[in-house]
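**Q** build the 3D model from these lines:
(2 chains)
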Amino acid sequence: MYILKNALLNMTRRKGKNILIGIIITIITISSCISLTINKSGNLLVTSYKESSPLEVSFELNPMDLRQASDDDKTNFKTMDVDLVKSIGDSKLLSDYFYTLEVSMSSNEIEAVDFEKLELPDNVEPRKEFKNNKMNLNIGNYRFTSYSNFSYLDDFLNGTKKIIDGEFIDNESEEKQIIISEDLSKENDLSIGDTIKFYYPTNEKKTYKFTIVGIYKDTSSIEDNSFMGLSAMNSRNQIYTNLTSINKIINDNEEAVETGYKRMTNSNGLTARFILKDEDNLNSFITEAKEKGLSNYYNTKTNEDEIIASLKPIQNISDFSFVFLIVILIVGGIILAVLNIINIKDRKYEIGILRAIGMSKIKVTAQLISETFLVALISLIIGTTIGTLSSQKVTNIMLKKEVTSYQEKQNNIDDNFGGKPNFGNRPSNNTLDKVINNNTNYIDSLNVSTDLTTITKLFLVSLLLTLISGIIAVSFVTKYEPNKILQDKT
Amino acid sequence: MNILKIDNVSFSYDKEKLVLKNINANFKTGIIYGIFGRSGAGKTTLLSLLAGLETPSSGIISYKDQDISKINNDKYRSTNMGIVFQSFNLLPHLTALENVILSMNISNIKINDKEKKALALTLLKKVGLDETKAKRKVLQLSGGEQQRVSIARALSYDAEIILADEPTGNLDRDTEEDIINLLTKLAHEENKCVIIISHSEYVKKASDKVYFLANGNLKEAQ
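**A** Residues are numbered from 1 along each chain as shown, chains lettered A, B, ... in the order given. The predicted structure is shown next:
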């Protein structure tokens, strides 16, 4: 008990030096606190991004591989169809899946948007030789697209396309609904409620009457969709319809659809994307898909690179903050040890007296360490309080921007889909999503900096650092014999 | 009963020149010993050896028949032996009273804080320091007063042996008499073993046994 009393007495007696040590420990604590918070906030953002960007898997066929395959393989090859997609999609390893169906259609009632009629940038030359289907590829001028789940329609999610009139199509409707581009509507003076007859390019006699329910604005650049100069490849001629309508067209023209697409791509206009629950299950999922009948000629493609690239800036900040924390602790520890050594060497005579009148090395050490410990304790409390308050600000700044942009993105998605919120909402595990949906005051709920575990860890690490630096310093002095110290002084 | 025994002890600081050469002596309780010699004769070295602050190059110093190099030296110094250093060795940032109480704390004396304070004040009064001076920082006291604090500290935990290195060197004649009388009383009335290193004739007269240290040899005066 007297050791603690003496420590307290000495602490106040040696105010100047203890304040200096205290300031250093406080600075180390504040810096560590902020570093830990940045690290934690960064990790939260990374987790959040990963949750909102799960690993998506698609299977793509390389026609060249199939052309080089043996005759047997060619005969046995089975194109991925909707039934197979549904079978693969019914996997416990997936959180969701969707597929898209596309067919090209023609119409005698309207004119496709022509490249020549668009305001092309100076560097873009329309390829006239391919224009207006002169290659006779059985490809119509309009690309009909449908999604099993429109909430995955990236162009509308990222705002490249946006409903400006009417509403989005209803996948459940039996009515043949379409939404068309603003350019196509202007070209043909079309408006909401108008009907247009389309036919499959190889069967002009069978027509399908579609009703325009929405008009979208396409802001994609013209270079992006100038592939081969084909009208159907011009995104302004893309028409979105519901799944029931496109299924009927495909069923009615099954043979022609297969032939038409297979000639070009060995595809039947079907693409699918599977969303994994856990990215570690990729290989198990591929094996399962192949067991369910997916041909070995399909290659697997994921959005992993895309996710990693997007996360890199945040990950870098997070990693840097961790390295910064280590550097602070090492440099701070060295400074503390040096200061302690200087401080304790100043007290060599005092230590000599205490040892001469019978105080054991352990008790002398305990007293000196207690003094450092008390200074450290006070500094840690001050440092952690300031650090926690500052890091809350840092967290808020880091997350507020992210949360605001997330909220804006969500609002924009609803807007892009013509104000139908259900289209923009996929099943989500996103942390930010949960926070925003459950808490109006989202910043308060992201209480990263006041995390008790973090504070405890920081506290223990700093304390350990102080004790180690204290012990190093004490060991310098206690190795001297008391008589030697007293003789030197005399 | 021999409480301290010096048995063929030699000592050198540099392993070449012996400061003490095969010295022998026995110290008993109830007796006041005076050790005399010229400056540099090795008197303080002998005191350091007896206090366990130095280890003999050869020979044995035993406390109650136990080699002091083999017992807990800290406990030996803090409970069995009270040392009055020539240069006082008081903690300058503490008051006279705190210095005495600290010594009691180190010796782990089994009385409460209040009793420790009362005992310390009594001891300081005994050596001629009133309460006002007892509460002064030691650096605010004169050399003689610091010497008294040092003595009070050595007496504070009722050690069996008192080792005093020039305890009256900084004191006037009257105080010297008071202090020596006090140490004599401790030896004769409280059965302590008091060993004083000094140049003082008064101490020599007050000593029951006198030793001379010269050329590394310790000889008892006849």
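**Q** show me where chain A has strands.
**A** A:56-61, A:94-105, A:142-147, A:161-166, A:177-181, A:195-200, A:203-218, A:238-241, A:270-276, A:298-302 (DSSP state E).
**Q** can I get those strands in a markdown table including mean neighbour count, mean pLDDT and distance to chain B?
**A** Every residue, glycine included, has its C-beta placed from N, CA and C. Written out in a markdown table, the entries for the strands of chain A read as follows (neighbours: other C-beta atoms under 10 Å in any protein chain shown; pLDDT from 0 to 100; distance: least, C-beta to the nearest C-beta, whole Å):
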| stretch | mean neighbour count | mean pLDDT | distance to chain B |
| --- | --- | --- | --- |
| strand A:56-61 | 18 | 88 | 72 |
| strand A:94-105 | 21 | 89 | 69 |
| strand A:142-147 | 23 | 90 | 82 |
| strand A:161-166 | 18 | 90 | 78 |
| strand A:177-181 | 24 | 92 | 87 |
| strand A:195-200 | 20 | 91 | 99 |
| strand A:203-218 | 17 | 90 | 82 |
| strand A:238-241 | 24 | 92 | 86 |
| strand A:270-276 | 20 | 90 | 68 |
| strand A:298-302 | 15 | 89 | 70 |
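**Q** make a markdown table from those and add distance to residue A:17 to it.
**A** Compiled in a markdown table, these are given as follows (distance: least, C-beta to C-beta, whole Å):
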| stretch | distance to residue A:17 |
| --- | --- |
| strand A:56-61 | 61 |
| strand A:94-105 | 60 |
| strand A:142-147 | 71 |
| strand A:161-166 | 67 |
| strand A:177-181 | 76 |
| strand A:195-200 | 88 |
| strand A:203-218 | 71 |
| strand A:238-241 | 75 |
| strand A:270-276 | 59 |
| strand A:298-302 | 60 |
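**Q** ok and the residue in chain A nearest chain B?
**A** Closest to chain B within chain A is residue A:358: 2.5 Å, counting by C-beta to the nearest C-beta.
**Q** tell me how far that residue lies from residue B:23.
**A** 25 Å (C-beta to C-beta, to the nearest Å).
**Q** which parts of the stretch 1-150 of chain A sit against chain B?
**A** Selection of the stretch 1-150 of chain A residues close to chain B by C-beta under 8 Å from any C-beta of the partner chain yields A:2, A:6, A:10, A:13.
**Q** so which of the residues you listed is the most crowded?
**A** Most neighbours among the residues of the stretch 1-150 of chain A next to chain B, by other C-beta atoms under 10 Å in any protein chain shown: residue A:6, with 23 neighbours.
**Q** quick one, grab the pLDDT at the closest residue to that one other than its chain neighbours.
**A** If you skip the residues right next to it in sequence, residue A:6 has residue A:367 as its closest partner in space, 5.6 Å away by C-beta to C-beta, 6 or more residues apart in numbering or on different chains. Predicted confidence (pLDDT) at residue A:367: the value is 85.
**Q** kindly report the same for residue A:422.
**A** Per the predicted model, pLDDT is 52 at residue A:422.
**Q** what residues does the stretch 301-450 of chain A put near chain B?
**A** Neighbours of chain B within the stretch 301-450 of chain A, by C-beta under 8 Å from any C-beta: A:350, A:352-361, A:363.
**Q** and the residues you listed, which are buried?
**A** Those of these that meet the buried threshold are A:350, A:352-361, A:363, by 16 or more other C-beta atoms under 10 Å in any protein chain shown.
**Q** low-confidence stretches in chain B?
**A** Counting by pLDDT under 70, chain B shows low-confidence ranges at B:1.
**Q** quick check, the residue in it closest to chain A?
**A** Closest point on chain B to chain A, by C-beta to the nearest C-beta, is residue B:78, at 2.5 Å.
**Q** what sits against the nearest residue to that residue once chain neighbours are set aside?
**A** Residue nearest to residue B:78 in three dimensions, not counting chain neighbours: residue A:358, with 2.5 Å by C-beta to C-beta, 6+ apart. When contacts are counted by C-beta atoms under 8 Å, 6 or more residues apart in numbering or on different chains, residue A:358 touches B:74-79, B:106-107.
**Q** rerun at 10 Å
**A** Residues counted as contacts of residue A:358 (C-beta atoms under 10 Å, 6 or more residues apart in numbering or on different chains) are A:482, B:51-52, B:72-83, B:103, B:106-108, B:157, B:159.
**Q** same thing with residue A:93?
**A** Counted by C-beta under 10 Å, 6+ apart, residue A:93 has contacts A:57, A:274-278, A:280-282, A:284-285, A:288-289.
**Q** okay, and the residue nearest the centre of chain B sits in which element?
**A** Most central in chain B under C-alpha atoms, centre = their mean is residue B:163, positioned 2.0 Å from the mean C-alpha point. Under the criterion of DSSP states H and E, residue B:163 resides in strand B:161-165.
**Q** in helices, which of the residues of the stretch 1-150 of chain A next to chain B appear?
**A** A:2, A:6, A:10, A:13 (DSSP state H).
**Q** any regions of the stretch 201-350 of chain A where pLDDT drops low?
**A** Ranges of the stretch 201-350 of chain A meeting pLDDT under 70: A:222-230, A:255-268, A:310.
**Q** just the helices in it please.
**A** Counting by DSSP state H, counting those that start in this stretch, one finds helices in the stretch 201-350 of chain A at the ranges A:243-252, A:254-265, A:282-291, A:304-345, A:348-356.
**Q** related to what we said a few turns ago, so who does the residue nearest to residue A:6 touch?
**A** A:2-7, A:10, A:350-351, A:354, A:359, A:474.
**Q** same deal with residue B:71?
**A** So residue B:71 contacts B:52, B:62-64, B:80 (C-beta under 10 Å, 6+ apart).
**Q** at 8 Å instead, please
**A** So residue B:71 contacts residue B:63 (C-beta under 8 Å, 6+ apart).
**Q** helices or strands up against the strand or helix carrying residue B:98?
**A** Using DSSP H and E, residue B:98 maps to helix B:96-107. Applying 3 or more C-beta pairs under 8 Å, 6 or more residues apart in numbering or on different chains; DSSP states H and E, we find helix B:96-107 packed against helix A:2-13, helix B:113-126, helix B:131-134, helix B:143-155.
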